[in-house]
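Enquirer: can't give you the sequence, but here's the structure:
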């Protein structure tokens with residue numbers, strides 16, 4: 001290398017260009033590695049939090065049928081309490097209170113067993129609590 005450096009200016013320029021490009025590429029690779037590592041650890045925490053939330057199926061605005069299906073989907077095995085509460089938040093009917101496996105869970109609700117009025121469909125797990133208002137008119 002030293003012989004090439006001393007023989008001509010063209011080789012000096014070539015060696016300097018190759019050195020500069022090597023430094024730029026090395027810095028770029030370090031930057032990309034840093035971004036990938038931080039995204040992996042930060043993204044992993046975010047994904048873990050998003051994955052534990054349940055999805056409650058849509059309710060009709062007014063319950064006028066005798067039987068209706070109520071349900072939810074959970075992404076992993078968790079303890080769930082799924083109930084109907086009255087306007088004073090007192091439990092009227094309990095569908096389930098215990099551990100459930102991941103997946104869809106559907107329960108039949110006979111609205112004739114409950115007086116007409118406003119009620120809340122209540123879903124409680126260790127990660128979230130959901131209340132959905134429903135009106136029953138038999």
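Expert: Alright, I've got the coordinates. Remember, predicted model here, so these are calculated numbers, not experimental data.

Enquirer: Now do residue 71 against residue 108, distance only.
Expert: 10 Å (C-beta to C-beta, to the nearest Å). Placement of C-beta: from N, CA and C, glycine included.

Enquirer: Between the two, which is the more surrounded one?
Expert: Neighbours per residue (other C-beta atoms under 10 Å) separate residue 71 from residue 108, with residue 71 holding more: 15 against 10.

Enquirer: Spatially nearest residue to that one (excluding sequence neighbours)?
Expert: Closest residue to residue 71 apart from its sequence neighbours, by C-beta to C-beta, 6 or more residues apart in numbering: residue 106 at 3.7 Å.

Enquirer: name the element that neighbour belongs to?
Expert: Under the criterion DSSP states H and E, the helix or strand holding residue 106 is strand 103-110.

Enquirer: Please state the offset of that strand from the chain centre?
Expert: Here strand 103-110 is found 22 Å from its chain centre; the criterion is C-alpha atoms, centre = their mean, to the nearest Å.

Enquirer: buried set for it?
Expert: In terms of neighbour count (16 or more other C-beta atoms under 10 Å), strand 103-110 has its buried residues at 105, 109.

Enquirer: All set now, cheers.
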